[in-house]
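Colleague: Model the structure of this input:
(chains A, B, C and D, ligands or ions: 6)
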Amino acid sequence: MLPLNATITRIDEESPSVRTFFFDFQFETMKPGQFVMVWVRGVDEVPMGLSSKNSITVQKVGEATSKLFELKEGNSFGLRGPFGKGFSLPSEGEKTLVIAGGVGAAPLAPYAEAAKSAGSEVHTVLGARSADDLLFEKLFAKTGKIFISTDDGSKGTKGFVTDVLSSLDLSVYDKIAVCGPEIMMASVFRLLEDRKVLEKSEFSLHRYFKCGLGVCGACCIDKSGLRVCRDGPVFSGVQLLNSELGKYTRDASGRRVKI
Amino acid sequence: MLPLNATITRIDEESPSVRTFFFDFQFETMKPGQFVMVWVRGVDEVPMGLSSKNSITVQKVGEATSKLFELKEGNSFGLRGPFGKGFSLPSEGEKTLVIAGGVGAAPLAPYAEAAKSAGSEVHTVLGARSADDLLFEKLFAKTGKIFISTDDGSKGTKGFVTDVLSSLDLSVYDKIAVCGPEIMMASVFRLLEDRKVLEKSEFSLHRYFKCGLGVCGACCIDKSGLRVCRDGPVFSGVQLLNSELGKYTRDASGRRVKI
Amino acid sequence: MYTLTGLKLKNPTILAAGILGTTGASLCRVAREGGAGGVVSKSIGPMPKTGHPNPSMVKFECGFLNAMGLPNPSYPSFLQELDIAKKDSGVPVIASIFGGNPAEFKEVAEGLLPAKPDAFELNVSCPHAEGYGAAVGSNPCLVEAITAAVKETVNVPVWVKLTPNVSDITCIGSAAESGGADAVVAINTLKGMAIDIESGYPVLGNRSGGLSGKAVKPVAVKCVYDLYTALEIPVIGVGGVSSWQDAVEMMMAGAAAVQVGSAVYDRLDIFSEISKGIETFLQRKGYSDVKELIGLSHEMV
Amino acid sequence: MYTLTGLKLKNPTILAAGILGTTGASLCRVAREGGAGGVVSKSIGPMPKTGHPNPSMVKFECGFLNAMGLPNPSYPSFLQELDIAKKDSGVPVIASIFGGNPAEFKEVAEGLLPAKPDAFELNVSCPHAEGYGAAVGSNPCLVEAITAAVKETVNVPVWVKLTPNVSDITCIGSAAESGGADAVVAINTLKGMAIDIESGYPVLGNRSGGLSGKAVKPVAVKCVYDLYTALEIPVIGVGGVSSWQDAVEMMMAGAAAVQVGSAVYDRLDIFSEISKGIETFLQRKGYSDVKELIGLSHEMV
Ligand SMILES: Cc1cc2nc3c(=O)[nH]c(=O)nc-3n(C[C@H](O)[C@H](O)[C@H](O)COP(=O)(O)OP(=O)(O)OC[C@H]3O[C@@H](n4cnc5c(N)ncnc54)[C@H](O)[C@@H]3O)c2cc1C
Ligand SMILES: Cc1cc2nc3c(=O)[nH]c(=O)nc-3n(C[C@H](O)[C@H](O)[C@H](O)COP(=O)(O)OP(=O)(O)OC[C@H]3O[C@@H](n4cnc5c(N)ncnc54)[C@H](O)[C@@H]3O)c2cc1C
Ligand SMILES: Cc1cc2nc3c(=O)[nH]c(=O)nc-3n(C[C@H](O)[C@H](O)[C@H](O)COP(=O)(O)O)c2cc1C
Ligand SMILES: Cc1cc2nc3c(=O)[nH]c(=O)nc-3n(C[C@H](O)[C@H](O)[C@H](O)COP(=O)(O)O)c2cc1C
Ligand code: FES
Ligand code: FES
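Modeller: Ligands and ions are numbered 1, 2, ... in the order given. Below you'll find the predicted structure:
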């Protein structure tokens, strides 16, 4: 499928470096955790989680995202997707823990909403560098109890999401959904492993994507050889045992790069 | 669609020069008058009307048909189709006249049956060179009254189908379906025109087919430019007014050849 | 009205060579019922040819394979068909011609002149006719000589139809341009074949043939794109166009007009449909003239 | 067991170059979970390359367009991946390599020797990497020299992967054979492109790229058919194979084995599926050995 033309209908400033871009059609079948390939024409095409059926939430980090930040309402970009495997939804009555770090909150926002709609009690641990960078705080608060951590202590617990997690009884949750910077996810992974709740957990991974279709192999992880773009980006904790998570990633050429 | 592999399940000897080849699958959607392209591998591919959902009835005339006649039960050939437009069926209570000459009876046999099933009273005028060459006589007799003509007078009226037709009251029929050698069809056409019943009539034409798909243009007739393989082979009498019918045909190179 | 190498087209869609182009009547029908802005005849040669044995064309999932083998009644017999097309089609009629060398091309062109075709299209690109088509069209010197020979003979525009079955189509396009071509047409079919696995027989009577339809569109777009960069003369795009979107894509790649072949399989009025679709697109996008589309993608960097 | 240029394959289906072949782990997965009889790595070059900007691959109705641009970590970094593949895949591992000239090919082949690949596949056919691939692979002299240079360097089989973007693929195949190739592989992708009509931008980051998938199968079958006639060495068929029927067709055209690329999009275990399908077909038809299929269509006249 060739890229669809997405016209921007609204831009929300979520934080100094993060914006949500709403576009003029809905990915009706989208499951939270699935991603789209966002084609900033003439520049690059990059993966972004869907933060709703008709939006992406983007952190400005480099060339493509900076160009995106120059776009205004009425401008457009290309979109292919939705691709990949999303988070699995809880059943009615199950308890869900959402663990979001930084822009990792983007795919987890629609997940928390969907989990609540499914009849689950949803708790969220939301981490960011500082209070200003906290994403979707109101949304998460609406879906249930929220625990906040900031690196600089400007809001909530000073420290990392793991500092919040260490004081929670994780055995009460039936689903644990995690997305954030890899360092953070690796710490969470170890913590969940220690607490023996890994089998309830799912992590959304980032790797360098080229095709986004599961064909080129750019995004495969060790040792399983699973494709992040197709078999993921959401993997169960168990799938990630003995994986490269937190150890290394690969650059666009395929070379291993330490995390 | 590439040719399907049709394995011969039975061969019926219909007349000294005509055989029916039954094959091992059914063209469920087939409408009487539609044709298939019969691929005699290594030789040629030629059009044949379907004489039932799973048979063709073939007159031996040249290379491809001779090769077909060498095939036995269990042998196979390729089939593409069904293609083209069939005869339109009568409604319940309508009267149908079938006019078949020679191997032109092949597509008309399933038509007569279908017309009868549709609740129509079916009469057939069946012509051939001699008694031995009469095709599907029993079948037509089963579907209703049958009038026979043979060139040599060995059965029925001596002469042509038009000799039978001249003694019939054609105004009683709601549908008139014609297939046979072009000379015969041209005479029938003139007769029906004279009797002012052309608008009730349909004729199945033969032209040299290459693609059979309506793309190459080999089978187009003057002056309409209609494609026999796609817009036909069955045309209403009205569509054939002012046409080349009975005047000329075209050979494989596209040159006009007098009939 | 849309002008292309001096021809006034009703719209920028043209019937491709070898499609419903064997008789004058069918050319007229494609123009009148189909809505084509212009029609190209079947390729006509010096001698009558019955073509390859059937199967001569098959459809598969993504397109068509054909090996017609240039069946044609030769130019003397085709004159009357061309007359009919000229008289009744109401659109420019382009005579496609072929031969094995410059002299044959010249002979056929001359032979058809009495019927006054609006332009000639030189088929130096059919991939499955020994001694003709791509057999001559892969050789730049021959292409130039053939083009020059026909240009000398006729005083209507001459289009040269190119084969994609070469290492560098722009090199053949340049040869046509040097020979005086008024436009190039790209592409003819890609060499291809299919085998019936039940029997082991190649499906086409000629064993192999040419691929057309949706499958070849990306190849055609690339050829048109490259030719647009390399040549001064207009490029006419053909290959897999089956919707107005395809036509717009082809024009953005650089096509001054499009030809439609295999897609007449879907519906005869594909020409009207495409030209209406282009109009609507122009309006929606605020373009004032279809010419603004031509080569647009070259500017998007 | 199926022997091809001395390699013992579980079955005649092989993972094509550039597909899920960037890491040792994914090569192992394709072999173990996918059921491939052998696996070819991503093409590896002398220097790390990040490849072309995205979009680098898009899917359309009839296939895929890609312009990866030969991203690869270079041979020193790839050694560890090849080690993993050799250790854990359980099937022959073929290293695909590329360079701009014979010396670079030699350097890369030598550099990968420590990991003991079972064979080398020389990529002289990628259509969208300047100075590499088809840029060298359209020149028979260069192809012969490159093949000879690698043959001199290694003592495992050398396969040469050919581009269909030439006037006559058999001429390039013969050059590879003269250079000492143990097999040729046909085909790499066809030059192609697509344009986004909403914006006018070519869809691929590199503007144009290579066509693969169903669309190219008839072209690949024809190339294999012609190469089978022209060469003594085995031809490995690749291009649009996505079912056992396609594989059988390719083998009847002359392929000693098939490679599968784009069709891993449909399902990873396409390799097991194809090899099971071939087995069932052989039984139904009463063939005793898959080798009886190879080139069968050449005998059907
Ligand atoms: C499944 C998935 C979902 C994502 N969801 C979001 C999201 O919802 N919001 C968000 O802000 N970011 C998300 N990202 C990260 C986002 O893709 C990168 O921030 C973006 O690609 C940066 O592009 P750039 O050109 O601005 O940066 P560059 O300057 O090109 O690169 C900066 C860094 O971005 C990453 N990056 C660049 N190109 C790619 C690529 N093709 N594939 C993967 N990573 C790349 C690399 O780590 C690179 O080092 C997601 C990534 C993945 C894999
Ligand atoms: C729509 C249609 C339905 C037909 N149905 C029947 C049928 O049910 N039974 C039957 O016996 N015959 C039928 N025919 C006629 C049949 O196609 C020819 O008898 C057959 O093609 C002869 O092939 P051959 O190789 O044996 O003869 P050849 O020696 O090749 O030619 C003998 C004559 O057969 C005709 N013919 C040959 N090739 C073709 C072709 N590709 N397309 C059309 N005509 C061709 C020509 O008139 C030719 O002069 C039908 C024809 C058409 C167009
Ligand atoms: C049945 C058929 C016959 C053709 N005959 C000719 C021909 O006589 N001369 C010619 O130049 N091209 C011929 N072509 C090529 C077409 O004109 C066109 O270049 C090609 O089919 C690609 O366009 P399409 O995908 O729209 O069909 C023929 C194509 C087909 C399918
Ligand atoms: C994403 C992608 C990457 C490819 N990379 C390479 C490569 O590195 N080296 C190579 O020789 N061929 C490469 N190819 C070509 C394939 O190996 C194969 O020849 C081609 O895709 C046709 O086969 P298919 O239709 O089965 O995909 C690549 C193809 C694709 C789709
Ligand atoms: S990005 Fe190509 S396989 Fe995942
Ligand atoms: S046979 Fe080709 S159009 Fe009828």
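Colleague: so what's C:Ala215 up against?
Modeller: C:Cys62, C:Gly63, C:Gly240, D:Cys62, D:Gly63, D:Lys214, D:Ala215, D:Val216, D:Pro218 (CB atoms under 8 Å, 6 or more residues apart in numbering or on different chains). In short, each C-beta sits where N, CA and C put it, glycine included.
Colleague: just A:Phe21 next, same as before
Modeller: A:Phe21 makes contact with A:Ile8, A:Arg10, A:Ile11, A:Ser55, A:Ile56, A:Thr57, A:Val58, A:Leu68, A:Leu71 under the criterion CB under 8 Å, 6+ apart.
Colleague: What parts of chain C come near chain D?
Modeller: Neighbours of chain D within chain C, by CB under 8 Å from any CB of the partner chain: C:60-63, C:65, C:138, C:165-167, C:190-195, C:197, C:199-202, C:208, C:211, C:214-216, C:218-219, C:221-222, C:225, C:245, C:248-249, C:252-253, C:281, C:296-297, C:299-300.
Colleague: run the last query once more with 6 Å
Modeller: Contact residues (CB under 6 Å from any CB of the partner chain) of chain C with chain D: C:62, C:65, C:138, C:166-167, C:190-195, C:197, C:200-202, C:208, C:211, C:214-215, C:218-219, C:221-222, C:245, C:248-249, C:252-253, C:296-297, C:300.
Colleague: can you give me the strands for the stretch 201-301 of chain C?
Modeller: Secondary structure of the stretch 201-301 of chain C (DSSP state E, counting those that start in this stretch): strands at C:209-212, C:235-238, C:255-260.
Colleague: Let me fix that, I meant to ask about the stretch 101-250 of chain A.
Modeller: Shown for the stretch 101-250 of chain A, the strands assigned by DSSP E, counting those that start in this stretch span residues A:121-128, A:144-150, A:157-158, A:175-179, A:201-204, A:234-236, A:248-250.
Colleague: how many neighbours does A:Gly93 have?
Modeller: 10 (other CB atoms under 10 Å in any protein chain shown).
Colleague: how close does C:Val58 get to C:Ala67?
Modeller: 10 Å (CB to CB, to the nearest Å).
Colleague: number of nearby residues for C:Gly111?
Modeller: Neighbour tally, C:Gly111, other CB under 10 Å: 18.
Colleague: ok, now the one 4 residues further on?
Modeller: Applying other CB under 10 Å, we find 21 residues neighbouring C:Ala115.
Colleague: isn't it right up against C:Ile84?
Modeller: No: with contact defined as CB atoms under 6 Å, C:Ala115 does not reach C:Ile84; the gap is 9.2 Å.
Colleague: any shared contact partners between the two?
Modeller: Residues touching both C:Ala115 and C:Ile84 by CB atoms under 6 Å, 6 or more residues apart in numbering or on different chains: none at all.
Colleague: re earlier: which one of the strands of the stretch 101-250 of chain A lies closest to ligand 4?
Modeller: strand A:248-250 (15.9 Å; CB to the nearest ligand atom).
Colleague: From the rest of the structure, what touches the closest one?
Modeller: Taking CB under 6 Å, 6+ apart as the rule, strand A:248-250 contacts A:Arg256, A:Val257, A:Lys258, A:Ile259.
Colleague: how about the strands of the stretch 201-301 of chain C, which one is nearest ligand 5?
Modeller: Taking CB to the nearest ligand atom, strand C:209-212 is the member of the strands of the stretch 201-301 of chain C nearest to ligand 5, at 27.8 Å.
Colleague: re the thing from before, show me the residues of chain C next to chain D that map onto helices.
Modeller: C:Pro218, C:Val219, C:Val221, C:Lys222, C:Gln245, C:Val248, C:Glu249, C:Met252, C:Ala253, C:Leu296, C:Ser297 (DSSP state H).
Colleague: Local confidence estimate at the fourth one?
Modeller: By that I understand C:Lys222. C:Lys222 carries a pLDDT score of 98 in this model.
Colleague: Run a quick check on it versus D:Ser208, I expect a contact.
Modeller: Yes: the criterion here is CB under 6 Å, and C:Lys222 meets it with D:Ser208 at 5.2 Å.
Colleague: In terms of neighbours, single out the busier of the two.
Modeller: C:Lys222 (30 against 23).
Colleague: Quick one: residues contacting the more buried one.
Modeller: D:Lys191, D:Gly192, D:Met193, D:Ser208.
Colleague: the bottom helix or strand of chain C by mean pLDDT?
Modeller: Of all helical and strand segments in chain C, the minimum by mean pLDDT, DSSP states H and E falls on helix C:134-137, at a mean of 83.
Colleague: Buried only: go through the residues of chain C next to chain D for me.
Modeller: For the residues of chain C next to chain D, a burial check counting by 16 or more other CB atoms under 10 Å in any protein chain shown picks out C:62, C:65, C:138, C:166-167, C:190-195, C:197, C:200-202, C:208, C:211, C:214-215, C:218-219, C:221-222, C:245, C:248-249, C:252-253, C:296-297.
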